[in-house]
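[1] what would the 3D arrangement of this be:
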Amino acid sequence: MGRMDDKVALITGAGNGIGREMALAFAAEGASIVVADASEDGGRATADAVAEAGGVAGFARVDVSSAAQVEAMVGFAMATFGRLDCIVNNAGIFPGDDGGVTETPEATWDRVMEVNLKGVWLGCKYAVPALLESGGGTIVNVASFVALMGAATPQIAYTASKGGVLSMTREIAVEHARAGIRANALCPGPVETPLLAELMSDPARKARRLVHIPLGRLGRPEELAKAALFLASDDSSFMTGSALVVDGGITAAYTTPE
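    I've put the predicted structure just below:
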């Protein structure tokens, strides 16, 4: 028996990185997966990978900042699988020109908020009725360790957006707790993904980040997928409104070991 047997899970940003590993991990535990991503190539590749591993997946192309597309994404899940038991709002962006408060362009701030914060809100807005229709379920919103502390390397829009995700998750959890919906936030530290690889292509910038991680390495996508699976499944049945921090010890450290 898998931990997600007979469940349907919708995962945004599942076309690569952490989202792809989530899709594979959830499917391995018995879930049918709705792979949602802005990239058709990436999303279909993930859906194919799930199928090759013996799982069941469908692909929905979505820009999570568009209400119409998010509504259609949830509609696709219901039409394809007849129910929705879990949504993982994982899609996010981190533009290279997101920097200090005085340097970050307004357009960059706006786009980060549209995807990282509004996108999570829209995911919840349209998923909650489907979850209720299905008898309840779980919401996993991907925030970040920077929702809990400031970043050593300025990234003002990303940090603010993830703080909003964490606060919003708490409110959604409280609002819907008695209706059988649990909502929790996953707060990753830096993880080996294509997004971070591009940002850390500068050796000096990479070294500056690694020195803050007590475990001395970046996280791996599969490690975050396992944490998301815990929050999505009944293993976390008495958790709601919580932040699960998976960051290699960053938020626990004042200084790092020599």
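[2] what about residue 244, helix or strand, and which?
    Under the criterion of DSSP states H and E, residue 244 resides in strand 243-246.
[3] quick one: mean pLDDT for that strand?
    Strand 243-246 carries an average pLDDT of 98.
[4] what is it packed up against?
    Helices and strands touching strand 243-246, by 3 or more C-beta pairs under 8 Å, 6 or more residues apart in numbering; DSSP states H and E, are strand 181-188, helix 221-232. Placement of C-beta: from N, CA and C, glycine included.
[5] so of these, which one's packed in deepest?
    strand 181-188 (a mean of 26; mean count of other C-beta atoms under 10 Å).
[6] tell me the contacts of the residue sitting nearest the centre point of the chain?
    Ranked by distance to the mean C-alpha position of the chain (C-alpha atoms, centre = their mean), the top residue is residue 90 at 2.2 Å. With contact taken as C-beta atoms under 8 Å, 6 or more residues apart in numbering, residue 90 is in contact with 11, 12, 13, 14, 18, 19, 22, 140, 142, 228.
[7] could you pull out the helices for the chain?
    Counting by DSSP state H, the segments of the chain that form helices are 17-28, 40-52, 67-81, 106-112, 119-133, 156-176, 194-199, 203-210, 221-232.
[8] run through this structure and note the low-pLDDT ranges.
    Scanning the chain for pLDDT under 70 picks out the ranges 195, 198-201, 255-258.
[9] circling back: can you lay out the helices and strands packed on strand 243-246 as TSV showing distance to residue 41?
    Shown next, in TSV, are those (distance: least, C-beta to C-beta, whole Å):
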stretch	distance to residue 41
strand 181-188	24
helix 221-232	18
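[10] so residue 226 makes contact with residue 25?
    Yes: under the criterion of C-beta atoms under 8 Å, residue 226 makes contact with residue 25 at 6.4 Å.
[11] what pairs with the strand holding residue 244, parallel or antiparallel?
    strand 181-188 (parallel) (DSSP bridges).
[12] any idea how far the strand it pairs with is from the chain center?
    How far strand 181-188 lies from its chain's middle: 9 Å, per C-alpha atoms, centre = their mean, to the nearest Å.
[13] again, but for stretch 44-52
    19 Å.
[14] okay, that stretch in PDB with CA atoms only?
    The C-alpha coordinates for stretch 44-52 follow below in PDB (Å, rounded to 0.1, in the frame of the first residue of the first chain):
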ATOM      1  CA  ARG A  44       5.300  16.400 -20.900                       C
ATOM      2  CA  ALA A  45       8.700  15.000 -20.100                       C
ATOM      3  CA  THR A  46       7.700  14.700 -16.500                       C
ATOM      4  CA  ALA A  47       4.400  13.100 -17.300                       C
ATOM      5  CA  ASP A  48       6.300  10.600 -19.600                       C
ATOM      6  CA  ALA A  49       8.800   9.900 -16.700                       C
ATOM      7  CA  VAL A  50       5.900   9.100 -14.400                       C
ATOM      8  CA  ALA A  51       4.400   6.800 -16.900                       C
ATOM      9  CA  GLU A  52       7.700   5.100 -17.600                       C
END
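[15] renumber starting at 29 from here on
    OK, 29 is where the count begins now, so the last one is stretch 72-80.
[16] mind listing what's buried in it?
    For stretch 72-80, a neighbour-count test (16 or more other C-beta atoms under 10 Å) marks 72, 73, 74, 75, 77, 78 as buried.
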